[in-house]
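> Predicted model, plus sequence, below.
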Amino acid sequence: MDSNAFLLSFGMKPGDFERTEGPIESDEGFVYEGWEARKDAGCPRCASRSCIIKDRYVAEIRLRSDMLKTEILVCHRIKYVCKGCGKTFTIPLKGAMVGRSLTYLERAAMLAELDQGDTFERVAMAHGISKTEAVNVFDEAHPEVRRKPLPKILLIDEFKFSTPYSKYCCHLADFEASESVDVIRSRQKAYLDEYFGRIGESERGRVKVLVTDMYDEYAHLARKWLPNAKVVADRFHVAQTMIDAAYGYHNFERFRKRFLLMRWNKRR
């Protein structure tokens, strides 16, 4: 493959390089080498065109990785210096992420794998990077995620995640679509009221069923904010309570009050 085709295949611009060499096969995959071409550089601080080459340095750019091989471009980058203000800088290479040793194509492949459900650890291993870098790539690509609309059948449960606000966060999910709706920072009543109080009445009215465990505040949530929703205890927590009830008379009486006497429904 000639140098132009090789660079274009990874979304890079052949004109950014004065020459390339390779590939050289290594234990991990293939290594290419490229020398950045000198450009008419303008200072990003003072806009002066009186800039000269200060020195060159070597940077590794990961072109593509999978479980079988890795392709890396060892790039001899140019560092410029402004003769007017003394600012040192580099010129971005097309296709290479600024501040990261990745191309945009490699980044896109990583994000596609994460969107399909792969874990940060698996993606990091597959692409030969640290788990922290995989997390950072994901966070930069998704600076903000908006909640989804409340569904007809809303699932609500908590999971342990210690924050300054609470030891438990609250997870909302759409039963029919099998996808998350949102995460609330705490399961406490004040936070549930604040969250659902910001949602319009018409949207809250679309919820017909609230599937939950036996946490009392969720029953309060349904009474106050989901007027058309019937509360249903999910079968896992029903079974869990039945198992707990088998250990003593007092627990069994509590179980009877909750289920045989339909304590939750009587609260509605």
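Great, that's in hand.
> Looking at the protein, which strand is longest?
strand 51-65 (DSSP state E).
> Which residues does it contact?
10, 29, 32, 36, 38, 41-43, 70-83, 88, 93, 96, 101-103, 105-106, 109, 126-129 (Cβ atoms under 8 Å, 6 or more residues apart in numbering). The C-beta positions use only the backbone N, C-alpha and C, and glycine is treated the same way.
> Filter these down to the buried ones and express that as a ChimeraX selection.
Buried residues among those (16 or more other Cβ atoms under 10 Å), as a ChimeraX selection:
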select :10,29,32,36,41,42,43,70,71,72,73,74,75,77,78,80,81,82,93,96,101,102,103,106,109,126,127,128,129
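> could you pull out the strands for the protein?
Under DSSP E, the chain gives strands at 17-25, 29-36, 51-65, 70-82, 88-89, 153-160, 168-174, 179-184, 209-212, 230-233.
> can you list those strands in CSV and add distance to F120?
Shown next, in CSV, are these (distance: least, Cβ to Cβ, whole Å):
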stretch, distance to F120
strand 17-25, 29
strand 29-36, 22
strand 51-65, 15
strand 70-82, 18
strand 88-89, 32
strand 153-160, 18
strand 168-174, 19
strand 179-184, 17
strand 209-212, 29
strand 230-233, 34
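> And those: which comes nearest E121?
strand 51-65 (14.7 Å; Cβ to Cβ).
> Spatially central residue for this structure, please.
F138 (4.5 Å; Cα atoms, centre = their mean).
> Give me the neighbour count for the residue nearest to that one when sequence neighbours are not counted.
Of all residues not flanking F138 in the chain, L114 sits nearest, at 5.6 Å (Cβ to Cβ, 6 or more residues apart in numbering). Counted by other Cβ atoms under 10 Å, the residues lying close to L114 total 19.
> Is the closest residue to F17 other than its chain neighbours bridged to anything, and to what?
Spatial nearest neighbour of F17, excluding adjacent residues (Cβ to Cβ, 6+ apart): G34 at 4.7 Å. For G34, the beta-bridge partners are T20, C75 (DSSP bridges).
> Do you know the pLDDT at the closest residue to V74 other than its chain neighbours?
Of all residues not flanking V74 in the chain, E33 sits nearest, at 4.7 Å (Cβ to Cβ, 6+ apart). Among the per-residue scores, E33 shows a pLDDT of 90.
> cool, C75 as well?
Confidence score, pLDDT, at C75: 90.
> What angle do strand 29-36 and the longest strand of the chain make with each other?
160 degrees (axes from the mean of the first three to the mean of the last three Cα atoms, to 10 degrees).
> Give me the distance between strand 51-65 and the centre of its chain.
29 Å (Cα atoms, centre = their mean, to the nearest Å).
> okay, the angle between it and strand 70-82?
170 degrees.
> Just the CA trace of strand 51-65, in PDB.
Below are the C-alpha coordinates for strand 51-65, written out as PDB (Å, rounded to 0.1, in the frame of the first residue of the first chain):
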ATOM      1  CA  CYS A  51       7.300  31.300  13.500                       C
ATOM      2  CA  ILE A  52      10.100  28.800  13.200                       C
ATOM      3  CA  ILE A  53      10.700  25.200  14.000                       C
ATOM      4  CA  LYS A  54      12.000  24.800  17.600                       C
ATOM      5  CA  ASP A  55      12.500  21.000  17.600                       C
ATOM      6  CA  ARG A  56      10.900  17.700  16.700                       C
ATOM      7  CA  TYR A  57       9.600  15.100  19.100                       C
ATOM      8  CA  VAL A  58       8.200  11.600  18.700                       C
ATOM      9  CA  ALA A  59       4.500  10.800  19.400                       C
ATOM     10  CA  GLU A  60       2.800   7.400  18.900                       C
ATOM     11  CA  ILE A  61      -0.700   7.500  17.300                       C
ATOM     12  CA  ARG A  62      -2.800   4.400  17.600                       C
ATOM     13  CA  LEU A  63      -4.300   3.900  14.200                       C
ATOM     14  CA  ARG A  64      -6.300   0.700  14.800                       C
ATOM     15  CA  SER A  65      -6.400  -2.100  17.400                       C
END
